[in-house]
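Enquirer: Give me a model of this one.
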Amino acid sequence: MMPLDGYFLSRMVDELKILINKRVRKFKMPKDNVIVLEFLNSEEGSLYFDLSSNKSHLRLSPQQLNDFNHPFLNLLKQKLANSILKEISQFKKDRILFFDFLKQDAFLGALKYRLVFETMGRTSHLILLDENKIIIDSFFKIFNDDKRSLLPKLIYQPFPTTKTECSFEKIKTMTSPEEILTTCLGFSKELAYQVFHNHYNLIDMPTTPLLYQTTKQQFHAFDFPVKNKTIFSSLSQLLATYYQDHANYSIYEKIIKKQINSLTNKLANLNTNYQNNSDYLFFKELADAIYMSGLNLKAHYSEFNDYPLNYQLTLNQNAQNFYQKYQKQKRALTPLKKQIDLTVNILNYYQEILASLPYLNNSDLLDLKIELTELGLLKTKKQQSLKTPSYLKIATDNATFYVGKNSHQNAHLYEKIAAKNDLWFHLKDYPGPHVFLKGEKTTENLLKGASLAVQYSKLKNEKNVLVNYTEVKHISRLKKKPGFYLTFKNHKTIIVKN
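Expert: Below you'll find the model as predicted:
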C-alpha cells in the first residue's frame, strides 16, 4: 500500500479543520487497530484513525459501529469525553499530526490534552499527552534501550529523522529525485519524482485529491500529468476509496488465526509426544541388561541400575514390560512423524493465507471465500458454483504478467493459463504471490516479473529481495500438500532493489 507523505498530510490538516471547536461525543473501535472520534453536531463526519501497518491513515468518515474494545479506547473516553478540539497542526512537514483538546473539569478546571498521530510507513502510532508533553498512554507501547520509547510517564519525542524542511528554492538546486527524498521532509518517492521533473512549487498548487493507476494505484493531494486518473471531491473520499478494497478481510483473518492457533497447539503436543516416545531404545537396552545381569528373575526388586521397578512384579515381568514399551513407542514414532509433517504443511498453508490478506481486493476475497468454504471453514446455504478466479493481469507492449494472490488463483494460472515456455516468479524462501510471464523475456520484463512478486508480499518495503524464476516446464505442483505449492529446478535468482 502507498504510504501517506508529509505534503498530503499538510493538505489533510486543512480538510480536518472543519472539526475545530467541535465537542467530542463518542469514541468507537469499528475494527481492529481503528479508533474513531465522533463530534457533537458535526455534519462533516467522524475523525477516523487507522493504525494498521499496511494501511495507516486518517480521514473524515461517516458514523461507525463499535465492534471492538481496547484499553487505549477506554482511556480516551475517560480523558477526552466532552472535550473540545481546539487546534490541528503538523510537526514541520513530517508525517506527524497534533490534535489539541480542551476539557473543563468541575474540580480541576481547564485540562489540556494532545493526541499525536504518527504514520511512518509500516509503523503508526496514536499517543495521548498531557499539557506538559508527558505520555499518558499509547495505542502501541514501545520500549528500546537505545532508541525512542513510547511508555507512560516519559516525555514525548517526535519520531527521529535526519531530514529537514526544504524551501523550493533549495529543492531547485538538487540534482535528482533521490536527493530530494533523502534530504527533505514531506516527500514520498513518487512526489519527489513529480517535483523534480516538473519543477513544481507545491505551496502554490491547489489541493486536488488525485488517484491514478500505473502498475499499482497511487494517490496525491495535487493534480499531476498522469494517465488513468480520477479526481475526488475530498482527500477523505479519496482515501476511503483507495483503502475500501482492503477493508473487508477481518472475518477471514479471525478464521485463519483461529486455525493457526489450533494447529500451533496441536504441533506442540505432537512434538512433545514424539520426544517422549523417541527414547524407546532405552527400554530395550534396560530389558536386555536385566537378562544379562545374572540376577534371580523370579525375585522382586524396587529398582535396577537406578531405574525404578514395579515391586509387585518379578524382575522377569518388569523386563517383559520394558520390551512391550519398547515395541509400542517404536511403532508410535512413524505415525507421529507423519502427523507432525502434515500439521506443519497445513500450518504453513494458513500462515501464507494470513500473510496475503492485506494485498487482497474484494474479488480476491471472493476467491478466498470459495477456498475456505471447500475446506469446511465457512458455511453456505447452497453449493457455490466455481468461478474463474479474478487474478491480476498486467499487459505491456511486449508481454503480459499474471499475478496469483491465493491458492485458487495460483492453481488456475498454472493449470489453465501458463504454457511450458512461460516464466514463473516467486520469492526465494518466503511466502508470496506466484507470477507468470507470457511474452518477450527481456531484462526489463524479467525485472518487472520479479518486482511484481515483491510488490504483493510482506517484503515490498525491504531494500534487497531475492526472487527465483524459471520456465514453467521446470516446475511441478505438490498435490499432497494443502494449498498451492510447487517444486522447481533449473532456476535463476534476481535481486529486487526497492
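Enquirer: ok, residue 115 - contacts?
Expert: By C-beta atoms under 8 Å, 6 or more residues apart in numbering, the contact list for residue 115 reads 76, 80, 98-99, 101, 126-129. Every C-beta, even on glycine, is put in place using the N, C-alpha and C of the backbone.
Enquirer: Which strand in the protein has the most residues?
Expert: Counting residues, the longest strand found in the chain (DSSP state E) is strand 109-120.
Enquirer: Check which residues of that one are buried.
Expert: Across strand 109-120, burial judged by 16 or more other C-beta atoms under 10 Å covers 113-119.
Enquirer: what's the average pLDDT for that strand?
Expert: Across strand 109-120, pLDDT averages out at 96.
Enquirer: That one pairs with which strands?
Expert: Under the criterion DSSP bridges, strand 109-120 sits next to strand 96-105 (antiparallel), strand 123-130 (antiparallel) in its sheet.
Enquirer: which of the ones you listed sits most buried?
Expert: Comparing the strands paired with strand 109-120 by mean neighbour count (mean count of other C-beta atoms under 10 Å), strand 123-130 ranks first with a mean of 20.
Enquirer: elements contacting the helix or strand following it?
Expert: Per DSSP states H and E, the first helix or strand lying C-terminal to strand 123-130 is strand 135-138. On a contact count with 3 or more C-beta pairs under 8 Å, 6 or more residues apart in numbering; DSSP states H and E, strand 135-138 meets helix 71-80, strand 123-130.
Enquirer: Tell me which of those sits nearest to residue 283.
Expert: helix 71-80 (52.3 Å; C-beta to C-beta).
Enquirer: how distant is that closest one from the center of its chain?
Expert: 26 Å (C-alpha atoms, centre = their mean, to the nearest Å).
Enquirer: Same question for it: list its buried residues.
Expert: For helix 71-80, by 16+ other C-beta under 10 Å, it's 72-73, 75-76, 79-80.
Enquirer: try stretch 289-299
Expert: residue 290.
Enquirer: can you give me the end-to-end distance of it?
Expert: By C-alpha to C-alpha, to the nearest Å, the extent of stretch 289-299 from end to end equals 16 Å.
Enquirer: for it, what is the average pLDDT?
Expert: On average, stretch 289-299 scores 93.
Enquirer: now for the helix or strand of the chain with the lowest mean pLDDT, which elements pack on it?
Expert: Taking mean pLDDT, DSSP states H and E as the measure, the chain has helix 362-374 as its least confident helix or strand, at a mean of 76. Counting by 3+ C-beta pairs under 8 Å, 6+ apart, the packing neighbours recorded for helix 362-374 are helix 250-277, helix 407-412.
Enquirer: what does the shortest one contact?
Expert: This points to helix 407-412. 349, 353, 364, 367-368, 370-371, 388-391, 404, 433-434, 477, 483-484.
Enquirer: Buried residues of it, list them for me.
Expert: 407-412.
Enquirer: Then stretch 467-476?
Expert: Those would be 467-472, 475, for stretch 467-476 by 16+ other C-beta under 10 Å.
Enquirer: Now do the same contact list for residue 347.
Expert: Counting by C-beta under 8 Å, 6+ apart, residue 347 has contacts 260, 263-264, 267.
Enquirer: Now the buried members of those.
Expert: 260, 263, 267.
Enquirer: Please convert the residues you listed to TSV, extending it with pLDDT and distance to residue 202.
Expert: Listed next are the buried ones among the contacts of residue 347 as TSV, based on pLDDT from 0 to 100; distance: C-beta to C-beta, whole Å:
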residue	pLDDT	distance to residue 202
260	94	45
263	92	50
267	92	53
